[in-house]
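1. coords please:
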Amino acid sequence: MESVTTVAVPSSMQASRLRRLQALGVLCGFGAGAWLGGAEAPIKIVNAGVSPITVSLIMVAGVFLARWSIPALVRGTSYVRSDVRQAPHLTIWAVLAGCMWAVANTMTIYAIRDVGLSIAFPLWNANSLLGIFWGFLLFDELHEAGWKRQLGVLGGAVAMFGGATLLALASSTQAPPGRATLGVIAALGAGILWGTMYIPYRKAYLTGMNPLSFIAFFTVGELATMTVLALSHRGAVPLWHEIVATRAVLFWLMLGGFVWVIGDLFQQYAAKYVGISRGVPLSNTNQLWGLLWGILIFHELRGGSHRVYAQVIGGSILMALGAVAIALSSATGREHLRWQGAAEREAEQYGIAGAYVRAGIEGREFEGGLSRRKLIDWLLVGGVTAIFVALARMARLPRMDFDLRWAGAISVAMVLLLLGCGIALWRTTRFN
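-> Coordinates of the predicted model:
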């Protein structure tokens with residue numbers, strides 16, 4: 001009991017602050033769903049004959065640029081260095097998580113190619129189930145939550161499983177012959193890897209690390225893993241020739257990686273403030289955004305039977321309702337004390353300052369205010385901008401059947417969520 005009280009703040013402050021942080025986490029979860037959903041749309045280009053491995057490598061290149069330029073713009077790289085000095089062990093966990101992400105992302109490309117966006121999304125969102133399991137087992141989530149909240153989380157998990165089953169059945173009629181099974185396996189495999197990847201997330205945020213710092217090292221594992229996979233798959237010379245041959249679509253694929261980072265960053269803040277057992281399912285509302293992109297913009301399921309439409313739409317809605325039920329089962333003050341106890345165990349194990357851990361849990365600054373951006377930060381942001389401008393000049397829209405009007409409408413909705421989440425994060429935590 002003593003270890004918990006060293007972390008806790010006065011109860012009146014804790015209750016009000018906890019409510020604000022949990023509301024922020026829920027909002028970030030919705031924002032994550034929108035941007036993670038939109039990031040997968042460029043992968044439809046794999047239908048143009050580009051190797052899925054190459055597509056994933058190019059996307060990860062965009063991810064790499066985003067994961068360093070966004071922290072440089074928002075907080076400055078000196079803030080990242082400060083975080084690393086406080087918890088250097090987390091850089092290893094971040095790199096490991098990045099390796100897992102890269103493999104999972106490659107599997108999603110095969111899944112989208114074989115069963116389509118509107119079906120693959122909910123299948124790999126089985127990662128919610130693993131997020132609940134790991135949160136309960138390793139980080140004391142749902143402990144002291146009360147039976148109603150536990151029932152909400154478990155009932156939501158059952159609903160999500162039911163929705164995934166409906167979508168798996170629909171995939172067998174919509175995928176190309178002989179490829180449905182492989183697509184389903186690839187999507188579920190990605191879900192397993194992503195579900196396990198959330199363990200490093202939670203370790204980092206219980207310890208106090210800022211998500212902006214964590215993602216910077218996360219991408220080292222991503223890029224290294226994808227480079228090894230791509231070179232092993234094709235060899236350096238064929239890989240280079242394919243990249244040069246696809247230069248007209250490089251912009252769209254790297255943009256997809258950039259958009260993914262924005263969604264993933266919101267997901268990380270959701271995991272930080274509402275836990276992985278709630279934050280992951282909430283961010284998995286990306287399945288509905290994937291459904292919108294797949295059906296309204298890319299005209300997936302066109303010509304399908306009423307039964308197929310009922311299975312896909314009904315399964316997606318069922319999974320979304322399950323995710324909402326989980327998200328609404330917010331943590332109580334007693335459960336949050338258990339989170340604080342888990343944070344203290346992490347701090348004691350790795351020798352981290354208690355004040356740093358407390359500041360991270362409460363979404364406050366540690367040791368002073370915002371760091372100033374330096375010349376290197378502006379050079380980094382300017383360099384990344386120049387790369388995207390150069391790629392945009394070479395880009396052309398792929399020859400595909402898609403609806404630009406719906407694409408514009410959904411993009412506007414995503415931007416509005418971006419602004420809402422960004423303003424809320426600044427006002428509540430100054431992006432801590």
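
2. who touches stretch 248-264?
-> 31-43, 45, 48, 50, 55, 58-67, 70, 215, 243, 283, 286, 388, 391-392, 394-396, 398, 418 (C-beta atoms under 8 Å, 6 or more residues apart in numbering). Bear in mind the C-beta positions are built from the backbone N, C-alpha and C, glycine included.

3. hey, C-alpha coordinates of it in PDB?
-> Provided in PDB are the C-alpha atoms of stretch 248-264 (Å, rounded to 0.1, in the frame of the first residue of the first chain):
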ATOM      1  CA  ALA A 248       4.800   7.900 -60.000                       C
ATOM      2  CA  VAL A 249       3.100   6.400 -56.900                       C
ATOM      3  CA  LEU A 250       5.800   6.800 -54.300                       C
ATOM      4  CA  PHE A 251       4.200  10.000 -53.000                       C
ATOM      5  CA  TRP A 252       0.900   8.200 -52.300                       C
ATOM      6  CA  LEU A 253       2.500   5.300 -50.500                       C
ATOM      7  CA  MET A 254       4.700   7.500 -48.400                       C
ATOM      8  CA  LEU A 255       1.700   9.700 -47.700                       C
ATOM      9  CA  GLY A 256      -0.100   6.600 -46.500                       C
ATOM     10  CA  GLY A 257       2.800   6.000 -44.000                       C
ATOM     11  CA  PHE A 258       2.700   9.700 -42.900                       C
ATOM     12  CA  VAL A 259      -1.100   9.500 -42.300                       C
ATOM     13  CA  TRP A 260      -0.600   6.200 -40.400                       C
ATOM     14  CA  VAL A 261       1.800   7.900 -38.000                       C
ATOM     15  CA  ILE A 262      -0.800  10.600 -37.100                       C
ATOM     16  CA  GLY A 263      -3.300   7.900 -36.300                       C
ATOM     17  CA  ASP A 264      -0.800   5.800 -34.400                       C
END
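
4. how about that stretch: buried residues?
-> 249-264 (16 or more other C-beta atoms under 10 Å).

5. Tell me how far that stretch lies from the chain's centre.
-> Here stretch 248-264 is found 13 Å from its chain centre; the criterion is C-alpha atoms, centre = their mean, to the nearest Å.

6. pLDDT of that stretch, averaged?
-> Across stretch 248-264, the average pLDDT comes to 89.

7. Write the ChimeraX selection for whichever of the contacts of stretch 248-264 are buried.
-> Selection of buried members from those for ChimeraX, criterion 16+ other C-beta under 10 Å:
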select :31,32,33,34,35,36,37,38,39,40,41,42,43,45,50,55,58,59,60,61,62,63,64,65,66,67,70,215,243,283,286,388,391,395,418
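
8. ok so, going back, residue 140: which of the buried residues of stretch 248-264 is nearest?
-> The closest of the buried residues of stretch 248-264 to residue 140 turns out to be residue 264 (C-beta to C-beta; 24.6 Å).

9. Against residue 78, how distant is the most centrally placed residue in the chain?
-> For the chain, the residue nearest the mean C-alpha position is residue 264 (3.2 Å; C-alpha atoms, centre = their mean). With the distance defined as C-beta to C-beta, to the nearest Å, residue 264 ends up 23 Å from residue 78.

10. Show me the buried residues of stretch 248-264 that map onto helices.
-> If you go by DSSP state H, those have 250-264 in helices.

11. Endpoint to endpoint, stretch 347-356 covers what distance?
-> 9 Å (C-alpha to C-alpha, to the nearest Å).

12. buried set for it?
-> Quick answer for stretch 347-356 (16+ other C-beta under 10 Å): 347, 352, 356.

13. What are the buried residues along stretch 15-25?
-> In stretch 15-25, counting by 16+ other C-beta under 10 Å, buried: 17-18, 21-22, 24-25.

14. and it, how far from the chain's centre?
-> On the basis of C-alpha atoms, centre = their mean, stretch 15-25 sits 21 Å off its chain's mean C-alpha point.

15. Looking at the buried residues of stretch 347-356, which is nearest residue 210?
-> Distance ranking of the buried residues of stretch 347-356 against residue 210, using C-beta to C-beta, places residue 356 first at 10.7 Å.

16. which secondary structure element contains that closest one?
-> Per DSSP states H and E, residue 356 falls inside helix 354-362.

17. Outside of that helix itself, list whatever touches it.
-> Contacts of helix 354-362 (C-beta under 8 Å, 6+ apart): 6-7, 9, 17, 21, 86-87, 205-210, 339-340, 343-344, 346-347, 365-366, 432.

18. Quick one: mean pLDDT for the helix or strand following that helix?
-> Following helix 354-362 in sequence order, the next helix or strand is helix 375-394 (DSSP H and E). Computed over helix 375-394, the mean pLDDT rounds to 92.

19. could you say what helices and strands helix 375-394 packs with?
-> Judged by 3 or more C-beta pairs under 8 Å, 6 or more residues apart in numbering; DSSP states H and E, the packing partners of helix 375-394 are helix 52-74, helix 77-86, helix 250-274.

20. if we can go back for a sec, how near is the residue nearest to the centre of the chain to residue 98?
-> Taking C-beta to C-beta as the measure, residue 264 falls 11 Å from residue 98.

21. Same question for residue 157.
-> 27 Å.

22. Between those two, tell me which one has more neighbours.
-> Between residue 157 and residue 98, counted using other C-beta atoms under 10 Å, the more crowded position is residue 98 (27 against 22).

23. what angle sits between the strand or helix carrying that one and helix 52-74?
-> Taking DSSP H and E as the criterion, residue 98 maps to helix 90-115. Put simply, helix 90-115 runs at 140 degrees to helix 52-74, going by axes from the mean of the first three to the mean of the last three C-alpha atoms, to 10 degrees.

24. For helix 90-115, which helices and strands make contact with it?
-> Judged by 3+ C-beta pairs under 8 Å, 6+ apart, helix 90-115 is in contact with helix 52-74, helix 117-124, helix 180-207, helix 211-234.

25. change it to 10 Å
-> helix 52-74, helix 77-86, helix 117-124, helix 147-174, helix 180-207, helix 211-234, helix 250-274 (3 or more C-beta pairs under 10 Å, 6 or more residues apart in numbering; DSSP states H and E).

26. Name the residues of it that are buried.
-> Buried-residue list, helix 90-115, by 16+ other C-beta under 10 Å: 90-91, 93-95, 97-115.

27. rewinding a little: what's the closest of the helices and strands packed on helix 90-115 to residue 308?
-> Closest among the helices and strands packed on helix 90-115, once you apply C-beta to C-beta, is helix 147-174, at 5.3 Å.
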